[in-house]
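# coordinates only, sequence not included:
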């Protein structure tokens with residue numbers, strides 16, 4: 001079988017550009033793995049790619065299959081791949097954050113790992129990019145240690161919900177912002193303090209912190225400089241922090257770009273299987289309804305993740 005079903009864009013634009021159609025089944029090259037995709041996570045990056053936000057930086061050829069989060073079964077190994085075998089259940093990141101909205105996807109061998117045993121494929125597909133982003137932001141970029149403090153914006157979302165739980169695991173002091181309907185949810189994830197950002201300015205609660213994890217951007221990011229202690233760091237997944245403001249205040253700022261790594265995926269899977277981290281899937285769509293999935297994502301969902309299901313399992 002040389003073909004597969006895939007959701008592709010042939011031009012940049014709105015959700016109507018997503019077309020589910022026959023596409024060539026990819027062939028793994030050296031160091032790559034062909035994964036039969038059971039489920040694919042939906043991330044804001046996907047619709048931003050579809051709209052062409054990144055075309056001047058990435059130069060992805062069209063037609064393009066978007067989607068980075070995948071969970072499925074190893075279908076074929078490229079030369080030089082060790083530690084994985086055909087038929088093995090895996091999860092991780094496809095291609096260069098592309099190729100996931102399809103029945104088969106190529107992944108670098110070092111960007112996938114055995115799927116968490118306690119999760120099904122839909123749940124597992126919700127984890128890789130946001131979980132690794134949260135982990136790397138807190139502990140690799142932010143270099144936080146037990147006892148230090150962090151303010152997490154958008155704490156009920158994909159990155160935020162993992163960040164709260166990882167913070168609890170590592171004994172951080174976690175303050176989190178969320179909408180009113182998600183305050184109790186975020187507190188349940190382990191936040192020491194959950195703030196309804198519409199009724200309580202976070203500056204009234206958060207002061208002299210070691211780090212802010214900003215998944216919102218805009219005015220929220222600008223105001224966040226005020227709650228950091230000298231030498232503190234603002235790490236953003238939304239927009240690059242202003243370097244001049246950081247320098248003027250004796251602070252640090254960093255834009256978070258995830259670096260997929262199989263060893264980290266394995267560590268995260270262990271935390272999930274140990275019951276330390278839970279997954280929240282808000283909505284599941286069949287692959288052919290990728291347009292509806294991205295429309296929902298673009299509305300700015302407030303809790304958990306959206307997942308496309310390619311194969312029922």
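Okay, I see it. Everything quoted here is computed from the prediction, not taken from an experiment.

# Quick check, residue 5 in contact with residue 102.
Yes - under the criterion of C-beta atoms under 8 Å, residue 5 makes contact with residue 102 at 6.9 Å. (Each C-beta comes from the backbone N, C-alpha and C, glycine too.)

# Pick out whichever of the two has more residues nearby.
residue 102 (29 against 16; other C-beta atoms under 10 Å).

# tell me which residues of stretch 271-278 are tucked away?
271-272, 277 (16 or more other C-beta atoms under 10 Å).

# Name the nearest of those residues relative to residue 176.
Ranked by distance to residue 176 (C-beta to C-beta), those are led by residue 277 at 15.5 Å.

# Now name the helix or strand holding that closest one.
Using DSSP states H and E, residue 277 is not contained in any helix or strand.

# same check, this time on residue 21
strand 19-24.

# For that strand, what does the pLDDT average out to?
On average, the pLDDT along strand 19-24 is 97.

# what's the helix or strand for the closest residue to residue 147 other than its chain neighbours?
Excluding the flanking residues, the one nearest residue 147 by C-beta to C-beta, 6 or more residues apart in numbering is residue 171, at 6.6 Å. Assigned by DSSP H and E, residue 171 falls within no helix or strand.

# neighbours around residue 171, how many?
By the criterion of other C-beta under 10 Å, residue 171 has 12 neighbours.

# Quick check: closest non-adjacent residue to residue 148.
residue 210 (4.3 Å).

# no wait, residue 103
residue 4 (4.1 Å).

# can you list the domains in the protein?
Here the domain parsing of the chain from automatic domain parsing is 3-127+279-309, 130-255.

# which helices and strands does the strand holding residue 21 pack with?
Other helices and strands packing on strand 19-24, by 3 or more C-beta pairs under 8 Å, 6 or more residues apart in numbering; DSSP states H and E, are strand 3-9.

# make it 10 Å
strand 3-9, helix 290-298 (3 or more C-beta pairs under 10 Å, 6 or more residues apart in numbering; DSSP states H and E).

# picking up where we left off before, C-terminal to the strand or helix carrying the residue nearest to residue 148, what's the next element?
Using DSSP H and E, residue 210 sits in strand 209-214. Where DSSP H and E defines the elements, the next helix or strand beyond strand 209-214 is helix 218-224.

# What residues sit buried inside the helix or strand following that next one?
Using DSSP H and E, the helix or strand that follows helix 218-224 in sequence is strand 228-236. Of all the residues in strand 228-236, those buried under the rule 16+ other C-beta under 10 Å are 228, 232-236.

# Also stretch 112-121?
By 16+ other C-beta under 10 Å, the buried positions in stretch 112-121 come out as 112-116, 119-121.

# so residue 78 makes contact with residue 27?
Yes - between residue 78 and residue 27 a contact is recorded at 8.4 Å, counting by C-beta atoms under 10 Å.

# Overlap of the contact sets of those two?
34, 106 (C-beta atoms under 10 Å, 6 or more residues apart in numbering).

# gap between the helix or strand of the chain with the lowest mean pLDDT and the chain center?
One helix or strand of the chain scores below all others by mean pLDDT, DSSP states H and E: helix 55-58, with a mean of 88. Mean C-alpha position of helix 55-58 versus that of the full chain (C-alpha atoms, centre = their mean, to the nearest Å) differs by 20 Å.

# what residues does it touch?
For helix 55-58, the external contacting residues (C-beta under 10 Å, 6+ apart) are 12, 49, 62, 64, 96-98.

# thinking again about what came up before, quick one, the strand holding residue 21 and strand 3-9 angle?
On the basis of axes from the mean of the first three to the mean of the last three C-alpha atoms, to 10 degrees, strand 19-24 is oriented at 130 degrees to strand 3-9.

# ok, and for stretch 169-185, which residues are buried?
Counting neighbours by 16+ other C-beta under 10 Å, one finds that the buried residues in stretch 169-185 are 170, 172-179, 182-183, 185.

# Any chance of these in TSV with pLDDT as columns?
Converted to TSV, the buried residues of stretch 169-185 look like this (pLDDT from 0 to 100):
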residue	pLDDT
170	97
172	98
173	98
174	98
175	98
176	97
177	97
178	95
179	93
182	94
183	96
185	96
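
# Brilliant, that's me finished.
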